[in-house]
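>>> The amino acid sequence is not available; the structure is as follows:
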């Protein structure tokens, strides 16, 4: 008989969650009441300090999947998520190093703003449409997780929890803009850390672990008992190809996520942006390590107790462990932390959707809109993105992490190559950018199991569902198309008037901090050849049979 994992007395949980929402609404209102321009709405006037910005960046990246979905995957398939965390954390400093500070010098609202200036309107509209899809899919995972936690908290049906939680979220995110989102995200990061790590320490202590006082790392004394109960827990179950596929799917994918890049633009200056990155990586390291420890504890509990946690309840593993080992009021606090994790990411997702629709699409097509109309359009766009995410979450995938990881891959295919090559290679042009984004994006969608399930790269359900196989194929394809098409079209006389001009070269030089223009700078044919050769090698490897 399947066990119902819910609070027996949900009143205290309701009170705690209600109090957090009151706090978030209050912070949103007081933070954003002075906003009068799109700069205030989307980048908080570019005046956020490094600690607040670092906490907010970590919180935005964290997502509810950290609390729920990833622990479910560790429980079900024992994937060594430490490797995934390394790749995902690596993306944060890479954003700053590869293009964040460059685009910050430019004064961009979003990566798509750079695409518009670098490649033109047509390329930016294509990129913006793909980024809206990426942001909606990322937000979808958060909405699913919010509904699951409300279901556990109140014992109400999933759909009711989705509607109640979804509308509460859309309300305070729309009200707060980037100022409210930043301050709320920093507060949410503190709540997430406290409500995840401290209860995990209590769980480990109850299990007999002597390293309970620092759960992210000191679960090592429980390893012998785990190996006795499950000897293959730490085994590398998959081929090297599987682990390599994490790089294009998650690391390069994260480089293109608009809600992460926007955090660079909110910094008061470049030094502040770099310092924020350090704070972000420090906090992410603690929480991601604790997440792996939570998954470890969940598998340990299932093995020593003999309790079978059903696939339908796998996403609730963190809550289940707290229900088993901690008082219910602690579990209620954990649920509040889980909701905070979802809210913090939704802050960034919905603001990115708002910026993409209002700034990168509508304002691009109608540049003469007055400031008041732009701000009003921004609020409407944020709300529309949230409502669409709610509607899509009524028929969710099996794991809430699927839509998030798939969004990473799509970002890496359609957005990251345009930004990376646009910043570092002057020959990149609009034809190459559009070919890379459109063809790469279509290929990624086609080889995913959600659209045409009979057309896949590897035929392995887990790899395809997580977007790993599709990204390993389509990300290098996008780089190949961008470089080759740009190189060829730059040498066709009939196309010269539409190709990179002196102004484009000046833009590349300026965003790197140069005051002069050197034709040889950022224009290496050899570098483009090396990048293309590496991309071809990875592309061919992706087509070869996957061995598990």
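Structure's in. What do you need? Quick caveat: nothing in here was measured; it's all calculated off a predicted structure.

>>> okay, CA-based contacts and neighbour counts for the rest of this
Fine.

>>> Roughly how far does residue 243 sit from residue 480?
22 Å (Cα to Cα, to the nearest Å).

>>> neighbour count winner among those two?
The residue with more neighbours, out of residue 243 and residue 480 and counting by other Cα atoms under 10 Å, is residue 480; that gives 26 against 14.

>>> Surely the more buried one is in contact with residue 538?
No - the criterion here is Cα atoms under 8 Å, and residue 480 misses it with residue 538 at 10.7 Å.

>>> The spatially most central residue of the chain: helix or strand, and which one exactly?
By Cα atoms, centre = their mean, the chain has its centre lying nearest to residue 61, at 5.3 Å. Element membership for residue 61, per DSSP states H and E: helix 50-67.

>>> Which elements pack onto that helix?
Applying 3 or more Cα pairs under 8 Å, 6 or more residues apart in numbering; DSSP states H and E, we find helix 50-67 packed against helix 121-154, helix 158-207, helix 258-266, helix 270-305, helix 328-357.

>>> any chance of those in a markdown table, with distance to residue 228, mean pLDDT and mean neighbour count too?
Compiled in a markdown table, those are given as follows (distance: least, Cα to Cα, whole Å; pLDDT from 0 to 100; neighbours: other Cα atoms under 10 Å):
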| stretch | distance to residue 228 | mean pLDDT | mean neighbour count |
| --- | --- | --- | --- |
| helix 121-154 | 32 | 79 | 25 |
| helix 158-207 | 15 | 80 | 23 |
| helix 258-266 | 41 | 65 | 27 |
| helix 270-305 | 10 | 83 | 20 |
| helix 328-357 | 29 | 77 | 28 |
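
>>> Out of those, which gets nearest to residue 226?
Each of those has some distance to residue 226 by Cα to Cα; the shortest is helix 270-305, at 6.0 Å.

>>> Run the chain-centre distance for the closest one.
What separates the centre of helix 270-305 from the centre of its chain is 15 Å, taken as Cα atoms, centre = their mean, to the nearest Å.

>>> and stretch 499-518, how far from the chain's centre?
Remark: stretch 499-518 is offset 31 Å from the chain centroid, using Cα atoms, centre = their mean.

>>> contacts for that stretch?
Contact with stretch 499-518 is made by 102-106, 118, 422-424, 426-430, 489-490, 519, as judged by Cα atoms under 8 Å, 6 or more residues apart in numbering.

>>> Quick one, which of those residues are buried?
Buried members of those, scored by 16 or more other Cα atoms under 10 Å, are 102-104, 106, 118, 422-424, 426-430, 489-490.

>>> and those residues, which of them are in helices?
Judged by DSSP state H, those include 102-104, 106, 118, 422-424, 430, 489 as members of helices.

>>> Any chance of the backbone angles for residue 256?
With angles defined as degrees, to the nearest 10, residue 256 sits at phi -100, psi 0.

>>> surely it meets residue 416?
Yes - applying Cα under 8 Å, one finds residue 256 in contact with residue 416, separated by 4.4 Å.

>>> which one of the ones in helices among the buried ones among the contacts of stretch 499-518 is nearest residue 18?
Residue 18 has its nearest neighbour among those in residue 104, at 37.4 Å by Cα to Cα.

>>> Any chance of CSV for the ones in helices among the buried ones among the contacts of stretch 499-518, columns pLDDT and distance to residue 350?
Shown next, in CSV, are these (pLDDT from 0 to 100; distance: Cα to Cα, whole Å):
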residue, pLDDT, distance to residue 350
102, 77, 24
103, 74, 21
104, 72, 21
106, 75, 23
118, 88, 25
422, 90, 26
423, 89, 26
424, 92, 29
430, 90, 28
489, 91, 37
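
>>> Now flag whichever of those residues is closest to residue 361.
Proximity to residue 361 was ranked across those by Cα to Cα; first place goes to residue 118, at 15.7 Å.

>>> Could you check how far that closest one is from residue 322?
Using Cα to Cα, residue 118 is found at 51 Å from residue 322.

>>> Correct me if wrong, but residue 518 is in a helix.
No - counting by DSSP: H, G, I helix; E, B strand; the rest coil, residue 518 is located in no helix; its state is coil.

>>> number of nearby residues for it?
Here the number of neighbours of residue 518 (other Cα under 10 Å) works out to 12.

>>> Residue 525 now?
Residue 525 is flanked by 14 other residues according to other Cα under 10 Å.

>>> Secondary structure element holding the closest residue to residue 357 other than its chain neighbours?
Using Cα to Cα, 6 or more residues apart in numbering and skipping residues adjacent in sequence, the residue nearest residue 357 is residue 381, 6.3 Å away. Assigned by DSSP H and E, residue 381 belongs to helix 371-392.
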